[in-house]
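J.: I'd like to go over a predicted model; first the sequence, then the structure.
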Amino acid sequence: MQAPAVGGVSAPRGNGKTIRLPQGASLTDFAEKIGANPASLVAIMMHLGKMVTATQSVDPDDLMALGLELDFDVQVVSPEDEDRALLESFDIDYGEDEGGEEHLQSRPPVVTVMGHVDHGKTKLLDAVRNANVQAGEAGGITQHIGAYQVETEVDGEERKITFIDTPGHEAFTAMRARGADTTDLVVLVVAADDGVKPQTTEAIDHATAAGVPIVVAVNKIDVEGADPNRVRAQLTEYGLVAEEFGGDTQFVDVSAKQGINIDGLLEAIVLTADAELDLKANPDMPAQGSAIEAYLDKGRGAVATVLVQRGTLRVGDSIVCGVANGRVRAMLDENGNSVQEAGPSRPVMVLGLAAVPGAGDNFLVVEDDRVARQIADKRVARKRNAELLKSRKSSSLEELFRDLERGDRQELLLILKGDVSGSVEALEDSLLKIDVGEEVNLRIIRRGVGAITQDDVNLSLASEGAVIIGFNVRPERNAQELADREGVDIRYYSIIYQAIEEIEAALKGMLKPEFEEAQLGTAEVREIFKVPRIGNVAGSMVLSGIIQRNAKARLVRDGVVVADNLTVSSLRRFKDDATEVREGFECGIGVGYNDIKLGDVIECFEMREKPRD
């Protein structure tokens, strides 16, 4: 049924009917649902004060406002619900259902190593698996996330433990939170000579939020000034009370550098997992799990490190991981050896994906490549809509006119490319937290993994000057040539905090300068002289500072400003023109204002640029 809507524009009335729309839906999507002409919805949105094209992604609040206008109950489906509905349409259950108790078998604990930067997490993992990865890290900080499985003997029985290494630098908060979500137990590394630090408490918060037990590894016990008992005392304030103090948290004193008591730490992990956790999974179902890290390898294509959480992943399986799909061409363990299958709690490197998934994306095995491709394609379309919505500028007519009137709102557009998805995610997360006020805005219009391509440079040109950030990557040859020819700004970084500092400095540089008043001096009016063609001139005594010709001035009478925004247009000492007159000297001051009285005070000041923090 057609009924008049707003401003004479006709559109169907919904009579309270419910419409479900995905995030990032356009007016065309809305029109298809209600059988309307998209152009009529564009007109209605204009009457509602929003400038939106028919194919543009629309903010959820605006969709609901439009629904209210047309008497439809619009429900914007969350990405999680949309994904669940997508999987259900393919009869796939991604959840906790693993069958009956008879199908479950014990699995190794998944352990995340956390702690403050430079407290020895990576060195500790080196000691555990006898490999030195830190030597290759820029600045000695773990830039990526990795997973490794080791074996140890406890009570004469061979036991396996899976370790996840998370960077300690503050920029990687999101990665540590994700590590805590995929883990069974946290090893908190605290340096015996340094004690509890900011990332230590942050790691405790992540572990507590995830509800996982903590084993504390007190590292660097061999260095001068080491005091393991001080660490134990400090951590009692955070609810981690050592067993020797009557608590239930295991503290293990270790030296990663010297390899002291590593076996004791592994035993403490196994004993804590056995005592507090019942770790079981069904190895006979199609594999499901999580991508810990992913990157683009020049020779092998998209490579993802995945952690199998239930089921068994085999070579030849069709998988979908986030927006990526493919067939498992090969699997490698942490030592680069080929493996044919990976059971629960096993981290493996998977080759064969058509695209690079995001760190933290869930993966699942499906029946064939066609289903995997269909799921991935739908997710890609949804992600593109979400990115368009996120990168779109405000379309409110009022805000548009306000910005045009002020002419002072500036924007820094960025395109992020990195070697691994975890680093890109961490960089984006940190950059979006930079706050330099409302005058300057930062928008990330694309993020991706791999070399900087010609398409990235073209996007920068189309967006009229987006800066391309390359984190541990370089441009392809044709992309570099195009960037040089068109003057596109490409910045390269290998350490994350350098990128954050430079972008913050650039944002602050885009701010309009702020000025503050600096008083130069004051003069009291002692005589008043009438001068032809100039008007009244104040014969004055400079009481403080200096009076300068052409400086700003105001006239104060009995503590009240009677004239502001004046200028010292003439300044004389006796019959001579002067540039400035100092405290204690008499002078004649002309400020272009005639209502001057004896006893008035002339304040002289200038506006100086205020340095930003």
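T.: Yes, it's here.

J.: ok, now which ones touch the closest residue to residue 285 other than its chain neighbours?
T.: On the basis of CB to CB, 6 or more residues apart in numbering, the spatially nearest residue to residue 285 that is not a chain neighbour turns out to be residue 311, at 4.3 Å. Every C-beta, even on glycine, is put in place using the N, C-alpha and C of the backbone. With CB atoms under 8 Å, 6 or more residues apart in numbering as the criterion, the residues that contact residue 311 are 281-289, 344, 365.

J.: how about the strands in the stretch 101-250 of the chain?
T.: Listed in chain order, the strands of the stretch 101-250 of the chain (DSSP state E, counting those that start in this stretch) span 105-106, 110-115, 146-154, 157-165, 185-191, 214-219.

J.: out of the ones you listed, which is the most enclosed?
T.: When you average the neighbours per residue for each of the strands of the stretch 101-250 of the chain (mean count of other CB atoms under 10 Å), strand 110-115 leads with a mean of 27.

J.: that one pairs with which strands, and in what direction?
T.: Paired neighbours of strand 110-115 in the sheet (DSSP bridges): strand 157-165 (parallel), strand 185-191 (parallel).

J.: low-confidence ranges, the stretch 351-500 of the chain, go.
T.: When the per-residue scores of the stretch 351-500 of the chain are filtered using pLDDT under 70, the ranges that remain are 386-410, 436-439, 464.

J.: I'd like the strands paired with strand 110-115 written out as CSV, with distance to residue 210 and mean pLDDT added.
T.: Formatted as CSV, the entries for the strands paired with strand 110-115 read as follows, by distance: least, CB to CB, whole Å; pLDDT from 0 to 100:
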stretch, distance to residue 210, mean pLDDT
strand 157-165, 12, 87
strand 185-191, 8, 91
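
J.: I'd like the average pLDDT over stretch 66-82.
T.: Confidence over stretch 66-82, taken as the mean pLDDT, stands at 82.

J.: the strands paired with strand 110-115 into TSV, with extra columns for distance to residue 81?
T.: Compiled in TSV, the strands paired with strand 110-115 are given as follows (distance: least, CB to CB, whole Å):
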stretch	distance to residue 81
strand 157-165	28
strand 185-191	30
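
J.: thinking again about what came up before, among the contacts of residue 311, which ones are buried?
T.: 281-283, 285-289, 344, 365 (16 or more other CB atoms under 10 Å).

J.: which of those residues lies closest to residue 70?
T.: For residue 70, the nearest member of the buried ones among the contacts of residue 311 is residue 288. The distance, counting by CB to CB, is 41.1 Å.

J.: sorry, back to before: now the contacts of residue 311 as JSON lines including secondary structure and distance to residue 329?
T.: As requested, the contacts of residue 311 are exported to JSON lines (DSSP: H, G, I helix; E, B strand; the rest coil; distance: CB to CB, whole Å):
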{"residue": "281", "secondary structure": "strand", "distance to residue 329": "25"}
{"residue": "282", "secondary structure": "coil", "distance to residue 329": "25"}
{"residue": "283", "secondary structure": "coil", "distance to residue 329": "22"}
{"residue": "284", "secondary structure": "coil", "distance to residue 329": "23"}
{"residue": "285", "secondary structure": "coil", "distance to residue 329": "22"}
{"residue": "286", "secondary structure": "strand", "distance to residue 329": "18"}
{"residue": "287", "secondary structure": "coil", "distance to residue 329": "15"}
{"residue": "288", "secondary structure": "strand", "distance to residue 329": "20"}
{"residue": "289", "secondary structure": "strand", "distance to residue 329": "18"}
{"residue": "344", "secondary structure": "coil", "distance to residue 329": "22"}
{"residue": "365", "secondary structure": "strand", "distance to residue 329": "14"}
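
J.: with distance to residue 235 added, can I get these in a markdown table?
T.: Compiled in a markdown table, the contacts of residue 311 are given as follows (distance: CB to CB, whole Å):
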| residue | distance to residue 235 |
| --- | --- |
| 281 | 32 |
| 282 | 37 |
| 283 | 37 |
| 284 | 41 |
| 285 | 40 |
| 286 | 42 |
| 287 | 38 |
| 288 | 35 |
| 289 | 32 |
| 344 | 31 |
| 365 | 41 |
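
J.: now the residue of the chain most remote from its centre, what are its backbone angles?
T.: When each C-alpha in the chain is compared with the mean C-alpha position (CA atoms, centre = their mean), residue 532 comes out farthest, at 67.2 Å. The main-chain torsion angles of residue 532 are listed as degrees, to the nearest 10 and equal phi -60, psi 140.

J.: now do residue 70 against residue 61, distance only.
T.: The gap separating residue 70 from residue 61 is 15 Å, by CB to CB, to the nearest Å.
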